[in-house]
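In: Based on what follows, work out the 3D shape:
(one chain, ligands or ions: 1)
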Amino acid sequence: MAFTLTEEQLKKQQEFQHFADAEIDKGDHFPQENLNIAAKHGYMGYPIPAEWGGQGQDFLSYILLIEEISRVCSSTGAIIAVHTSVGSFPLLYFGTDEQKKRYLPALACGKMLGAFALTEADAGSDAAALSTTATPVDGGYRLNGCKIFITSGGQADLYTVFATLDKAKGVNSITAFLIEKDTPGLIPGKPEKKMGLNRSNTTELMLEDLFVPVSNRLGEEGEGFKIAMSLLDGGRIGIAAQGLGMARAAIEYTVNYLKAEARAGKKVDQGVSFSLADLATRLEAARLLVYRAAEVKESGARCSKEASMAKMYATDLAMEAATKCIDLCGLTAMRDDHPLTRYFRDAKAPQIYEGSNQIQRIVIARQLLK
Ligand SMILES: Cc1cc2nc3c(=O)[nH]c(=O)nc-3n(C[C@H](O)[C@H](O)[C@H](O)COP(=O)(O)OP(=O)(O)OC[C@H]3O[C@@H](n4cnc5c(N)ncnc54)[C@H](O)[C@@H]3O)c2cc1C
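Out: Alright, predicted model coming up:
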């Protein structure tokens with residue numbers, strides 16, 4: 001097993017680092033400019049094959065990209081990760097050629113933004129319990145229901161939405177649909193006022209008697225749950241990369257801060273240096289887990305265990321690093337506009353979405369005990 005990136009991946013990593021530092025802004029509004037610049041570089045469809053308008057790059061390189069962007073602006077990292085892993089991959093893996101032609105090149109070049117709508121008020125961790133209905137009608141389906149906490153809600157141009165044809169029949173009636181932004185009956189709510197990741201819009205998505213033609217059903221009737229679950233492995237590695245980028249940002253900030261303090265004559269005591277050593281060690285462990293999971297996915301092998309381990313470990317580390325780094329930097333880091341405060345606020349959501357870290361533990365244990 002190789003423990004280093006290839007020459008080419010190292011070159012790309014430098015390119016992404018430079019891009020993130022020089023071109024990604026850290027403002028506080030929806031980061032449309034960041035998405036436009038990412039699109040110019042081809043980063044909105046980085047792992048999408050060239051024949052569908054993407055860059056055709058390997059999955060690990062895409063993960064390096066998400067890590068670097070998230071290091072500078074975790075909301076932008078979240079939007080691009082969702083757009084790619086669960087906004088564009090559904091079409092790539094399950095779309096008909098006609099559906100791919102219609103949407104994939106536009107998603108891959110960033111003309112369209114993709115979103116994924118699974119969660120409901122009573123169907124979060126237990127996604128199979130969803131209640132949004134799809135009633136067969138002439139030429140298609142009528143959808144009714146309400147999704148919640150949808151990343152890029154109201155901003156996205158294409159939503160992959162999951163609904164049930166007959167709830168009594170359980171997961172085997174869940175079906176996936178591709179729904180365009182301006183479809184009558186698709187009503188996004190106001191952005192949630194979240195504790196963090198505030199540049200990433202998260203909204204409700206009401207579906208009121210919304211007509212979807214058969215040509216916009218993704219996969220067969222009843223395949224929706226399988227589609228949703230199969231996308232989550234890749235999605236989780238993207239979230240793991242987000243966690244890795246955020247943990248790195250907090251630790252790198254703190255190292256620089258403490259070095260400056262030392263240069264100014266302040267002694268770094270042993271308690272502080274031990275905490276920093278522990279964080280730096282865990283960061284290396286997270287990096288290995290995340291890159292390894294990406295390698296396994298790229299190989300085509302099943303990667304549920306690796307993806308869950310990477311997601312759980314890296315996002316827990318992002319939260320721990322933000323918390324401990326605030327301690328290490330002291331009172332100055334308590335100010336609301338301090339970078340560490342932002343990492344602290346932003347680190348909570350990745351522990352929860354694409355399967356909470358408790359659910360990741362269930363996935364890992366299930367793989368171990370099967
Ligand atoms: C910022 C943000 C963005 C999001 N974006 C999207 C999106 O784009 N699309 C989308 O579909 N969803 C999205 N979500 C929703 C997210 O996927 C859900 O929040 C997540 O799946 C957890 O569901 P829940 O919040 O309903 O928690 P619940 O399922 O109600 O769980 C509550 C608590 O119980 C724990 N728990 C639940 N079941 C078990 C169990 N069996 N064993 C042990 N513990 C358990 C959970 O870990 C959690 O701690 C987003 C969420 C956030 C915060």
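
In: Strands of the stretch 1-150 of the chain, start to end?
Out: For the stretch 1-150 of the chain, the strands defined by DSSP state E, counting those that start in this stretch cover 114-117, 133-137, 140-151.

In: The ones you listed: which one's closest to the ligand?
Out: With Cβ to the nearest ligand atom as the measure, strand 140-151 is the member of the strands of the stretch 1-150 of the chain nearest the ligand (3.4 Å). Placement of C-beta: from N, CA and C, glycine included.

In: So what are the sheet partners of that closest one and their directions?
Out: According to DSSP bridges, strand 140-151 forms sheet pairs with strand 133-137 (antiparallel), strand 202-213 (antiparallel).

In: ok, back up a step: switch the strands of the stretch 1-150 of the chain over to CSV; also include mean pLDDT and mean neighbour count.
Out: Output for the strands of the stretch 1-150 of the chain, formatted as CSV (pLDDT from 0 to 100; neighbours: other Cβ atoms under 10 Å):
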stretch, mean pLDDT, mean neighbour count
strand 114-117, 98, 29
strand 133-137, 98, 16
strand 140-151, 98, 21
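
In: and those as CSV, adding distance to the ligand?
Out: Compiled in CSV, the strands of the stretch 1-150 of the chain are given as follows (distance: least, Cβ to the nearest ligand atom, whole Å):
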stretch, distance to the ligand
strand 114-117, 5
strand 133-137, 16
strand 140-151, 3
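
In: can you tell me which residues contact the residue of the stretch 201-350 of the chain found nearest the ligand?
Out: Of all residues in the stretch 201-350 of the chain, A349 sits closest to the ligand, at 3.8 Å by Cβ to the nearest ligand atom. A349 sits next to 78, 194, 196-197 when contact means Cβ atoms under 8 Å, 6 or more residues apart in numbering.

In: Counting neighbours, which of the residues you listed end up buried?
Out: 78, 196-197 (16 or more other Cβ atoms under 10 Å).

In: Now do the helices in the protein.
Out: Using DSSP state H, the helices of the chain run over 7-23, 32-40, 59-72, 74-81, 89-94, 97-108, 224-263, 270-299, 304-329, 339-346, 348-352, 357-369.

In: re earlier: which one of the buried ones among the contacts of A349 is nearest the ligand?
Out: Closest approach between the buried ones among the contacts of A349 and the ligand, by Cβ to the nearest ligand atom: L197, at 5.4 Å.

In: The closest one and D346: what is the separation?
Out: Noted for L197: a distance of 5 Å to D346, by Cβ to Cβ, to the nearest Å.

In: Give the residues shared as contacts by the two.
Out: Shared contacts of L197 and D346 (Cβ under 8 Å, 6+ apart): 74-75.

In: just to revisit the earlier point, could the buried ones among the contacts of A349 be laid out in CSV, adding pLDDT and distance to the ligand?
Out: CSV is the format used below for the buried ones among the contacts of A349 (pLDDT from 0 to 100; distance: Cβ to the nearest ligand atom, whole Å):
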residue, pLDDT, distance to the ligand
A78, 97, 7
G196, 95, 8
L197, 94, 5
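
In: which one among the residues you listed gets closest to S304?
Out: A78 (21.5 Å; Cβ to Cβ).

In: What is the burial count for F274?
Out: Using other Cβ atoms under 10 Å, F274 has 10 neighbouring residues.

In: do R287 as well
Out: When neighbours are defined as other Cβ under 10 Å, R287 has 18 of them.

In: residues touching the closest residue to it other than its chain neighbours, list them.
Out: Distances taken as Cβ to Cβ, 6 or more residues apart in numbering place L244 nearest to R287, at 6.2 Å, with adjacent residues excluded. L244 makes contacts with 67, 70, 283, 286-287, 290, 314, 317-318, as judged by Cβ under 8 Å, 6+ apart.

In: and the chain, which residues reach the ligand?
Out: Neighbours of the ligand within the chain, by Cβ under 6 Å from any ligand atom: 82, 115-119, 124-125, 149-151, 194, 197, 202, 349, 352-356, 358-359, 362.

In: Next, work out how far apart the residue lying closest to L317 once chain neighbours are set aside and A121 are.
Out: Residue nearest to L317 in three dimensions, not counting chain neighbours: A247, with 4.6 Å by Cβ to Cβ, 6+ apart. Going from A247 to A121 by Cβ to Cβ gives 31 Å.
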